[in-house]
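>>> sequence isn't available, so here's the structure alone:
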């Protein structure tokens, strides 16, 4: 079974440009999460989708970030316009969403490394 | 103050040693406690999972949770070079199907096992 995939693996853009990151969760997983790790900091939660609905977007840093999940399948995270402090690794995770506790294990993708110059 | 504190290391030990990794936390609402392992250029991978206080053992790995002290530990016995990675403690307040279950991570400890 394929794991969580993310595209691109690495993106280098200039300040002010737009970048769109994509995440394909494990097939059948209702829950999709975005996290990011900026240099020297811990991995931090950005938002959580249940199917196509945003369940929790309390971690989104500002309105330059827009996340969508079309039809409850893949998700995109757009940064527009990008700033220097947006540089970091963006992780996507998915979980099944049924059952309790460990049945909601979040499986992480390899991440997209974003560099804003 | 961070919700989860973890010594970033790096920690270097000889092969076969017992490794002890620790985290402290401040939010008493946390109920689910996890340890993730992350290799370079990869995403975090769940290693151990504990609900509430207590111990859990899986092969060479033992996870301990002391909610009264807000302290969690991961022990690795008979450490191997393949255990070299970054270890992240993580916790969440909710883990049920109908609840938002965002994970709060520690900063990670970089561990190196010397052959």
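Perfect, thanks for sending it. Source: prediction; values computed, not measured.

>>> ok, now which ones touch residue 52?
As the question left the chain open, I've gone with chain A. Neighbouring residues of residue A:52 by Cβ atoms under 8 Å, 6 or more residues apart in numbering or on different chains: A:69-72. (Each C-beta comes from the backbone N, C-alpha and C, glycine too.)

>>> chain B, not that one
Taking Cβ under 8 Å, 6+ apart as the criterion, residue B:52 is in contact with B:31, B:65, B:67.

>>> now render those residues as a markdown table, adding secondary structure.
Formatted as a markdown table, the contacts of residue B:52 follow (DSSP: H, G, I helix; E, B strand; the rest coil):
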| residue | secondary structure |
| --- | --- |
| B:31 | coil |
| B:65 | strand |
| B:67 | coil |
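
>>> got a winner among the residues you listed for most neighbours?
residue B:65 (22 neighbours; other Cβ atoms under 10 Å in any protein chain shown).

>>> list just the nearest of the contacts of residue B:52 to chain A.
Nearest to chain A among the contacts of residue B:52 is residue B:31, at 9.2 Å by Cβ to the nearest Cβ.

>>> pLDDT at the closest one, what is it?
According to the prediction, residue B:31 has pLDDT 88.

>>> wait, it touches residue B:94, no?
Yes. Counting by Cβ atoms under 8 Å, residue B:31 touches residue B:94, with 7.3 Å between them.

>>> the residue of chain B found nearest chain A in helix, strand or coil?
Minimum separation of chain B from chain A (Cβ to the nearest Cβ) falls at residue B:43, amounting to 3.4 Å. Look at residue B:43: counting by three-state DSSP, its state is coil.

>>> where does it land on pLDDT?
If you check residue B:43, the pLDDT there is 95.

>>> ignoring the adjacent residues along the chain, who's closest to it?
Distance criterion Cβ to Cβ, 6 or more residues apart in numbering or on different chains; nearest residue to residue B:43, sequence neighbours excluded, is residue A:108 at 3.4 Å.

>>> tell me who's in contact with residue 19.
Defaulting to chain A. Applying Cβ under 8 Å, 6+ apart, the residues near residue A:19 are A:11, A:13, A:78-80, A:82, A:114.

>>> actually it's chain B I care about, not the one you picked
Applying Cβ under 8 Å, 6+ apart, the residues near residue B:19 are B:11, B:13, B:74-76, B:79, B:83, B:111, B:113.

>>> re earlier: from residue B:14, how far out is the residue of chain B closest to chain A?
The gap separating residue B:43 from residue B:14 is 29 Å, by Cβ to Cβ, to the nearest Å.

>>> ok, those two, which is more surrounded?
Of the pair residue B:43 and residue B:14, residue B:43 is the one with more neighbours under other Cβ under 10 Å, namely 22 against 9.

>>> gap between the residue of chain A found nearest chain B and residue A:82?
Residue nearest to chain B within chain A: residue A:108 (3.4 Å; Cβ to the nearest Cβ). Distance from residue A:108 to residue A:82, counting by Cβ to Cβ: 23 Å.

>>> what do you get for residue B:3?
Distance of residue B:3 to residue A:82, given as Cβ to Cβ: 28 Å.
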